[in-house]
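Peer 1: task: produce atomic coordinates for the following.
(chains A and B)
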Number of protein chains: 2
Amino acid sequence: MSSKYDARAEVVRSLVCVGLDTDIHALPEAYQKEAMPQFAFNRWIIEQTHEYVAAYKLNTAFYEMCGEQGLRELKLTTDHLRSEHPDIFTICDAKRGDIGSTNDAYARAIFDGWGFDAVTLHPYVGREALEPFLARKDRVSIILCRTSNPGAGELQDLTVDKKPLWQVIAERVSQEWNANGNCMLVVGATYPEELRRVREIAGDMTLLVPGIGAQGGDAKATVTAALNRVGRGMIINSSRGIIFSESPREVARTLRDTINAYRQNLFFT
Amino acid sequence: MSSKYDARAEVVRSLVCVGLDTDIHALPEAYQKEAMPQFAFNRWIIEQTHEYVAAYKLNTAFYEMCGEQGLRELKLTTDHLRSEHPDIFTICDAKRGDIGSTNDAYARAIFDGWGFDAVTLHPYVGREALEPFLARKDRVSIILCRTSNPGAGELQDLTVDKKPLWQVIAERVSQEWNANGNCMLVVGATYPEELRRVREIAGDMTLLVPGIGAQGGDAKATVTAALNRVGRGMIINSSRGIIFSESPREVARTLRDTINAYRQNLFFT
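Peer 2: Sure, this is the predicted structure:
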């Protein structure tokens, strides 16, 4: 299923993912008056940006915050993406991770109910508990490795066997959990050194890289750190930096082009 | 806010929490025909069990699995609990854990939108990211420490500073994250030795203990391992073992009485 992402990235020559973190309180006034404000806004963002992006990522928090109405708008958004842009890779940024029987319910909600191609997951419960996600060969499990937040190191940098915990997780996922070839890892753009190291550990595995833009991640450092051997291997996400900008279309295009310029430098010079 | 739990536990002389893991596919046929099957079933379970319980725990997976309808029924359930049984402690077993700005949205959804007293959280992102939950002095943050699933040890037993990771998390939470006195820890009933050690580390902190019953946790071992100095300090949860039993009322009452017999033995002999 990561082949879906690769194919789209190839066709539109883009590693950009737009995060539809559609915070109802941050929407332009015109949208707040709509009957379906989050969906209407998302549809507009998709219309503005789709030709420059390989993936869309929806963070469930911003929809759950609006209760059942929010979930309706999330579903309308994924339905819209599947019917209008079936080749764009869709990520449910839910950061789930429960025990096995419960993960089975989450997998059904996220993959079958909402129809996402991928989901983000916490590693703490271990492989056994995540099996309902990992067993879905047709879907992608994206495991948190090094998150983009300032305090990520508190637990993720703890030393296990002379290595930081995030590195142990990168090893486990790439060497063991990825038996079905359907795993990816989350590594924040705010930590380019860690990105570089995860690339060494994880072979050509695709990395979901949040934290570009509003959170301070730098495009050049990110791209330089972690392209894989075919000049892809990253899903570079920007959320607020694109969707709440003056011109989402321009910002998305510029991000694509900036990333491509660095890719070009690395691969064709 | 853990005082709300303590007060209720005292009044009904019970440490029992009933997990409303209301899997739509597992409901008795009569309920499947209802317009609001999950809510109708929950209302019945609450009616049958409330006098024996100190807390109810709703796992979000089983409601999200039913999309917007599921969230409506979750909300009807929490509304019902707040109006009919305002003194019963309510836990949103959501196992969330995102970066800061996103956790702010989750906190609003869970504490304000749905009105829960407490939420379960993944520790991996660190204290800084969980601040939107921890800062809510009026609500309880319940941090995953040692989960109840068979494969919990894969990452949780990794050695950090000659200690297992779960122990480091118990220390951090009890010594640092609990500045507002509103933290609890999750430790599975399936791991009584770990329960005992967490009790030593965490002082009188209340522990949420899932895994009794269907998952194989033993009531005696659990109670013996981790009561605090006032004979409480545990929220002992059973979900499937109660709600899908022949007689939820009897099973809840028996669990309360069994637990109390061991409490009695430990405290009054």
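
Peer 1: over to the closest residue to residue A:59 other than its chain neighbours. Which of the three states is it?
Peer 2: Nearest residue to residue A:59, sequence neighbours excluded (Cβ to Cβ, 6 or more residues apart in numbering or on different chains): residue A:93, at 4.3 Å. (Glycine included, C-beta is placed from N, CA and C.) Under the three-state scheme (DSSP: H, G, I helix; E, B strand; the rest coil), residue A:93 adopts strand.

Peer 1: can you check residue A:186 too?
Peer 2: Recorded secondary structure, residue A:186: strand (three-state DSSP).

Peer 1: distance check, it against residue B:119.
Peer 2: Per Cβ to Cβ, to the nearest Å, residue A:186 is found 22 Å from residue B:119.

Peer 1: same thing with residue A:128?
Peer 2: 24 Å.

Peer 1: which of the two has more residues huddled nearby?
Peer 2: residue B:119 (26 against 15; other Cβ atoms under 10 Å in any protein chain shown).

Peer 1: and the longest helix for chain A?
Peer 2: helix A:248-268 (DSSP state H).

Peer 1: any buried residues in that helix, and which?
Peer 2: A:248-249, A:251-256, A:258-260, A:262-263 (16 or more other Cβ atoms under 10 Å in any protein chain shown).

Peer 1: do stretch A:119-136 as well
Peer 2: Counting neighbours by 16+ other Cβ under 10 Å, stretch A:119-136 gives A:119-127, A:129-134, A:136 as buried.

Peer 1: do stretch A:225-245 as well
Peer 2: Buried, per 16+ other Cβ under 10 Å, within stretch A:225-245: A:225-227, A:231-239, A:241-245.

Peer 1: and that stretch, how far out from the chain middle?
Peer 2: From the chain centre to the centre of stretch A:225-245 is a distance of 9 Å (Cα atoms, centre = their mean, to the nearest Å).

Peer 1: got the CA positions of it in PDB?
Peer 2: In PDB, the C-alpha atoms belonging to stretch A:225-245 read as follows (Å, rounded to 0.1, in the frame of the first residue of the first chain):
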ATOM      1  CA  ALA A 225      18.600  14.100   5.900                       C
ATOM      2  CA  ALA A 226      16.300  11.400   4.800                       C
ATOM      3  CA  LEU A 227      15.600  10.800   1.100                       C
ATOM      4  CA  ASN A 228      15.800   7.200   0.300                       C
ATOM      5  CA  ARG A 229      17.800   5.600  -2.600                       C
ATOM      6  CA  VAL A 230      15.200   6.500  -5.200                       C
ATOM      7  CA  GLY A 231      14.900  10.100  -4.100                       C
ATOM      8  CA  ARG A 232      11.600   9.600  -2.200                       C
ATOM      9  CA  GLY A 233      10.900   7.800   1.000                       C
ATOM     10  CA  MET A 234       9.400  10.800   2.800                       C
ATOM     11  CA  ILE A 235       5.900  12.200   3.300                       C
ATOM     12  CA  ILE A 236       6.600  15.800   4.200                       C
ATOM     13  CA  ASN A 237       3.600  17.300   6.000                       C
ATOM     14  CA  SER A 238       2.600  20.900   6.600                       C
ATOM     15  CA  SER A 239      -0.700  21.600   8.200                       C
ATOM     16  CA  ARG A 240      -1.300  25.100   9.600                       C
ATOM     17  CA  GLY A 241       1.500  26.600   7.500                       C
ATOM     18  CA  ILE A 242      -0.600  25.700   4.400                       C
ATOM     19  CA  ILE A 243      -4.200  25.600   5.200                       C
ATOM     20  CA  PHE A 244      -4.300  28.900   7.200                       C
ATOM     21  CA  SER A 245      -2.000  30.800   4.900                       C
END
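
Peer 1: what about the helices in the stretch 101-250 of chain A?
Peer 2: Residue ranges of the helices in the stretch 101-250 of chain A, as given by DSSP state H, counting those that start in this stretch, are A:127-134, A:153-156, A:165-172, A:192-202, A:219-226, A:240-243, A:248-268.

Peer 1: who does the second one touch, helix- and strand-wise?
Peer 2: Using 3 or more Cβ pairs under 8 Å, 6 or more residues apart in numbering or on different chains; DSSP states H and E as the contact criterion, the elements in contact with helix A:153-156 are helix A:165-172, helix B:165-172.

Peer 1: so who does residue A:139 touch?
Peer 2: Neighbour list for residue A:139: A:1, A:107, A:111, A:116-119, A:133, A:182 [criterion: Cβ atoms under 8 Å, 6 or more residues apart in numbering or on different chains].

Peer 1: residues in contact with residue A:239?
Peer 2: For residue A:239, the contacting residues are A:18-21, A:57, A:59, A:210, A:213-214, by Cβ under 8 Å, 6+ apart.

Peer 1: and residue A:204, by the same measure?
Peer 2: Residue A:204 sits next to A:228-230, A:233 when contact means Cβ under 8 Å, 6+ apart.

Peer 1: now, which of the residues you listed sits nearest residue A:5?
Peer 2: residue A:233 (10.0 Å; Cβ to Cβ).
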